[in-house]
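J.: Take a look and give me a structure for this.
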Amino acid sequence: MAKKKGTAVNIEVEQTEVADVKPETPFSGEELDHFRALIVGKRDSAHEDIERMRGQLADAREQAENDTAYSFHMADAGTDAMEREKLYLMIARQQKYIGYLDRALERIENRTYGVCKVTGEAISTDRLEAVPHTEISIEAKLQQQKK
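T.: Residues are numbered from 1 along each chain as shown. A predicted model of the protein is given here:
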């Protein structure tokens, strides 16, 4: 097997470093502490809701075990199953909400809280008071809804 001699071409590619620059939060340390407290309060409330719903599920299971075949109608069984399913969905929703709140706390720690991920502009304080875990401004939300 014959080898071919080739010429190697060295091409130098100039690499430009792309800085992973994240915009700094427009809020002071005191304002971030306020939002942190607001988010932690909502997070604690969501955890309490989950525990309450889990207690309701446990009660429903216990009640289902205590019912006899003669005192339990099929329609009642269907209603109970639907109520349990609703509780499971509400628990999942609260867990997802807690995830959003946790990410908001991370943004506070990273000092990127309050910056719209779509526009890069500051999110209004009023919006953050209403929805403290939001990542986008009203303007960006309205643009999303138009699409």
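J.: Which strand or helix spans the most centrally placed residue in the chain?
T.: Nearest to the mean C-alpha position of the chain, by Cα atoms, centre = their mean, lies Tyr100 at 2.3 Å. Tyr100 belongs to helix 74-110 when assigned by DSSP states H and E.
J.: Check which helices and strands that helix sits against.
T.: Contacts defined by 3 or more Cβ pairs under 8 Å, 6 or more residues apart in numbering; DSSP states H and E place helix 74-110 against helix 29-66. C-beta: built from backbone N, CA, C; applies to glycine.
J.: and the helix it packs on with helix 74-110, angle?
T.: 160 degrees (axes from the mean of the first three to the mean of the last three Cα atoms, to 10 degrees).
J.: And helix 29-66, what's buried?
T.: By 16 or more other Cβ atoms under 10 Å, the buried positions in helix 29-66 come out as 32, 34-36, 38-39, 42-43, 46, 49-50, 53.
J.: now those in a markdown table, with distance to Arg84?
T.: Converted to a markdown table, the buried residues of helix 29-66 look like this (distance: Cβ to Cβ, whole Å):
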| residue | distance to Arg84 |
| --- | --- |
| Leu32 | 40 |
| His34 | 39 |
| Phe35 | 36 |
| Arg36 | 35 |
| Leu38 | 32 |
| Ile39 | 30 |
| Lys42 | 26 |
| Arg43 | 25 |
| Ala46 | 20 |
| Asp49 | 16 |
| Ile50 | 15 |
| Met53 | 10 |
